[in-house]
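Asks: Sequence and predicted model, in that order:
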Amino acid sequence: MGSAIHVYGFRDGEVVQLDRASVREVLRRYAPYEVAEGEPVEWVRAADGSEADVDVGHGVVFGRPGPGVLDIIAELARRTGAAVLLLDGDRSVIVTSDSDRLHLPPDLRTNVFVIPPPALTGRAISLVINPQPEQRRRPVLPPFPYYADPVGTGAVVAADETCACCGHDQGWICTGAVHGEDVPAGRLCPYCVAFGTAAKRHGAYFNEVRAEGFSEAAVRTIRDRTPAADVLGERPWPAHCGDGAVYVGDGAFRCRACEAEVTQDGTGFAGRSGDGRRGARSVLD
């Protein structure tokens, strides 16, 4: 975690003595040994088992603190109002208010982070030491009327990857099978699937569909504009109530009209009503 982290108080650019009683009260709870009355704490152990040597003077120096010790450091800074000095690398300093920034020596004011006491935690200190890149904001996915949750099933995943059809990194990519004579190398974004771009440009299709029991629009949507339901393999997409069923994950389909479960049996798929009675047969029977 680095060589040392310093906790010091400042006033008008000068180091000031931290309140010794407060320092002792915080550190003593984490000392893995009996601290004699009047003696400073020289060693602390955090809840996660990580440790640090402690040198108490005008401030407190934690030598090579482990991850959990950062929570102890944060608690001490909150209790005393002191600054946390990370003097390795870019010499970052954490203070708990803008007014505290003005009391720092001029050479410590370059890289200052103001973290209010309620937010000053070991995790906050860790993020100053090792900043994490901001998580990418991904666009809303296009609708798939016959596929309830393509992200939940893994058919669509978040990815920083260029689509083989449109050539753009859309933030999402489809993982399922793609069929056709001119299928491009690489994976496709869900937008090129949903809007029919991959079908128009490359003759790509994703699911097998029989014409019986489907409208022409449903056939095109499921075949050319719906991510592959790999659970089907080479079997056609099931129908119910004159329309394609909706894939709801875990190998299950549900009727769009009556919401009956379209369950798999030994010969294919069959509709099952909500009360358990057999419903209309699908196109696979």
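Replies: Happy to help now that I have it.
Asks: next one: phi and psi at the nearest residue to Ala47 once chain neighbours are set aside?
Replies: Among residues not flanking Ala47 along the chain, Gly68 sits closest, at 5.6 Å (Cβ to Cβ, 6 or more residues apart in numbering). Bear in mind the C-beta positions are built from the backbone N, C-alpha and C, glycine included. With angles defined as degrees, to the nearest 10, Gly68 sits at phi -70, psi -30.
Asks: In contact with Gly68: list those residues for me.
Replies: Under the criterion of Cβ atoms under 8 Å, 6 or more residues apart in numbering, the neighbours of Gly68 are Ala46, Ala47, Asp48, Gly49, Ser50, Gly122.
Asks: now for those residues, which pair is the farthest apart?
Replies: Between any two of those, the greatest separation by Cβ to Cβ is 14.0 Å, found for Gly49 and Gly122.
Asks: The two: which has the busier surroundings?
Replies: A count of neighbours by other Cβ atoms under 10 Å puts Gly122 above the other of Gly49 and Gly122, at 19 against 10.
Asks: State the distance from that one to Asp88.
Replies: Separation of Gly122 from Asp88 (Cβ to Cβ, to the nearest Å) stands at 17 Å.
Asks: Surely Asp100 is within a helix?
Replies: Yes. Under DSSP: H, G, I helix; E, B strand; the rest coil, Asp100 falls within a helix.
Asks: Which parts of the stretch 101-250 of the chain are helices?
Replies: Using DSSP state H, counting those that start in this stretch, the helices found in the stretch 101-250 of the chain span residues 122-129, 150-153, 190-194, 197-202, 216-225.
Asks: okay, these, which one's buried deepest?
Replies: Counting by mean count of other Cβ atoms under 10 Å, helix 190-194 has the highest mean neighbour count of these, with a mean of 25.
Asks: which residue sits closest to Gly242, ignoring its sequence neighbours?
Replies: Nearest residue to Gly242, sequence neighbours excluded (Cβ to Cβ, 6+ apart): Gly213, at 6.2 Å.
Asks: could you dump the helices of the stretch 101-250 of the chain to JSON lines with mean pLDDT?
Replies: Converted to JSON lines, those look like this (pLDDT from 0 to 100):
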{"stretch": "helix 122-129", "mean pLDDT": "92"}
{"stretch": "helix 150-153", "mean pLDDT": "94"}
{"stretch": "helix 190-194", "mean pLDDT": "97"}
{"stretch": "helix 197-202", "mean pLDDT": "96"}
{"stretch": "helix 216-225", "mean pLDDT": "95"}
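Asks: export those to TSV and tack on distance to Thr175?
Replies: Converted to TSV, these look like this (distance: least, Cβ to Cβ, whole Å):
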stretch	distance to Thr175
helix 122-129	32
helix 150-153	9
helix 190-194	10
helix 197-202	14
helix 216-225	17
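Asks: Kindly state the beta-bridge partners for the nearest residue to Asp160 once chain neighbours are set aside.
Replies: Spatial nearest neighbour of Asp160, excluding adjacent residues (Cβ to Cβ, 6+ apart): Asp169 at 6.0 Å. Bridge pairing for Asp169 (DSSP bridges) gives the partners Thr162.
Asks: just checking, Asp169 touches Thr162?
Replies: Yes. If you go by Cβ atoms under 8 Å, Asp169 and Thr162 touch, sitting 5.2 Å apart.
Asks: any low-confidence regions in the stretch 101-250 of the chain?
Replies: For the stretch 101-250 of the chain, applying pLDDT under 70 flags no range at all.
Asks: Which parts of it are strands?
Replies: For the stretch 101-250 of the chain, the strands defined by DSSP state E, counting those that start in this stretch cover 112-114, 156-158, 172-174, 239-240, 243-244, 246-249.
Asks: Highest mean neighbour count out of those?
Replies: Highest mean neighbour count among those (mean count of other Cβ under 10 Å): strand 239-240, a mean of 28.
Asks: Direction included, what does that one pair against?
Replies: Using DSSP bridges, strand 239-240 pairs in its sheet with strand 243-244 (antiparallel).
Asks: quick one: contacts for Val95?
Replies: If a contact means Cβ under 8 Å, 6+ apart, then Val95 has Ala83, Val84, Arg101, Leu104, Val112, Phe113, Val114, Ile115 as its contacts.
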